[in-house]
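Q: How does the following fold in three dimensions:
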Amino acid sequence: MSTTSLLVQSIPALAQGAVLTIKFAVYSMFFGLIAAVVLAVMGISRSKTLVGIGRTYVSVMRGTPLLVQIFVIYYGLPSIGISLDPTPAGVIALSANAAAYLSESMRGAILGIQSGQWLAAYSLGLSRTQTLRYVIGPQALRIAVPSLSNSLISLIKDTSLVSVITVTELLRSAQEVIAATYQPLPLYLAAAVVYWVLCSVLEFVQRRLERRLALPGRH
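A: Residues are numbered from 1 along each chain as shown. You can find the predicted model right below:
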């Protein structure tokens, strides 16, 4: 079979894997961002206990390999009676890991808001929670857009790691075709091209979004 014919025949499998890769990245980004906001708020809390818990979580998740975290969740948790299917295990692992990185971006964005914004909100009678929700939060999200976009691009590539727990994302799809055709080079290259295209599209969207939001320091 020629390389061209092989690649043409592998398009459906790779396309299906690419769709699952995108879904994994989006779900992980969504849940990771929710957890990141919680961690960021903990990080600026007046409670030393909450600050300590948040910092410990971030340190552990950033200081250990994502692959090890995937193994702990999928292969380790069953030993204490918690068994998860590959897909939810993968999403949980990616979300938990992304949350640690996203939280630092969000915390930095929140701390980057001028103190006068807090004082103005307090003068209007808003509580600390209301100030975070209605005044500081929206501005922090706007500032954090570049970092959040970069995290989503990284998640696209990190999804390849869930192939080790039999999730049929893009890399796993390529591996299954390789197992049937015994032609690894063109298929691995094809998978790499698909990853590159997905990341390039996200980079284009990121630039457009930054310009639309007129982020400080961006032209």
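
Q: what's the helix ranked longest in the chain packed up against?
A: The longest helix of the chain (DSSP state H) is helix 3-43. Contacts defined by 3 or more CB pairs under 8 Å, 6 or more residues apart in numbering; DSSP states H and E place helix 3-43 against helix 48-63, helix 86-111, helix 137-158, helix 170-181, helix 184-213. C-beta: built from backbone N, CA, C; applies to glycine.

Q: tell me the angle of it relative to helix 184-213?
A: In terms of direction (axes from the mean of the first three to the mean of the last three CA atoms, to 10 degrees), helix 3-43 departs from helix 184-213 by 50 degrees.

Q: what angle sits between helix 3-43 and helix 137-158?
A: Per the same axes, to 10 degrees, the angle that helix 3-43 makes with helix 137-158 is 140 degrees.

Q: so what pLDDT did residue 216 get?
A: Here, the pLDDT recorded for residue 216 equals 49.

Q: Apologies, that question was intended for residue 166.
A: Residue 166 is assigned 87 on the pLDDT scale.

Q: Could you verify my assumption that it touches residue 173?
A: No: at 11.8 Å, residue 166 and residue 173 do not qualify as touching, with contact defined as CB atoms under 8 Å.

Q: Which one of these two is surrounded by more residues?
A: Neighbour count, other CB atoms under 10 Å: between residue 166 and residue 173, residue 173 has more, with 25 against 12.

Q: so what's that one up against?
A: Neighbouring residues of residue 173 by CB atoms under 8 Å, 6 or more residues apart in numbering: 13-14, 16-17, 20, 191.

Q: closest to residue 135 among these?
A: Nearest to residue 135 out of those is residue 20 (CB to CB; 38.7 Å).

Q: Not counting its neighbours along the chain, what's nearest the closest one?
A: residue 169 (4.8 Å; CB to CB, 6 or more residues apart in numbering).

Q: what residues are up against the one you found?
A: Residue 169 touches 17, 20-21, 24, 159-160, 162-163, counting by CB under 8 Å, 6+ apart.

Q: how about low-confidence regions in this protein?
A: 1, 214-219 (pLDDT under 70).

Q: one step back: between the helices and strands packed on helix 3-43, which gets nearest to residue 73?
A: So among the helices and strands packed on helix 3-43, helix 86-111 is nearest, using CB to CB, at 4.9 Å.

Q: And the closest one, what does it pack against?
A: By 3+ CB pairs under 8 Å, 6+ apart, helix 86-111 packs against helix 3-43, helix 48-63, helix 66-71, helix 137-158.

Q: now those as TSV including distance to residue 212?
A: Compiled in TSV, those are given as follows (distance: least, CB to CB, whole Å):
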stretch	distance to residue 212
helix 3-43	19
helix 48-63	30
helix 66-71	31
helix 137-158	10
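
Q: got CSV for those, with mean neighbour count and distance to residue 203 too?
A: Below are the helices and strands packed on helix 86-111 laid out as CSV (neighbours: other CB atoms under 10 Å; distance: least, CB to CB, whole Å):
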stretch, mean neighbour count, distance to residue 203
helix 3-43, 18, 14
helix 48-63, 14, 24
helix 66-71, 17, 22
helix 137-158, 19, 7
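
Q: So residue 163 is in contact with residue 176, correct?
A: No: when contacts are counted by CB under 8 Å, residue 163 is not listed as touching residue 176 (9.8 Å).

Q: Neighbour count for these two, which is higher?
A: residue 163 (21 against 16).
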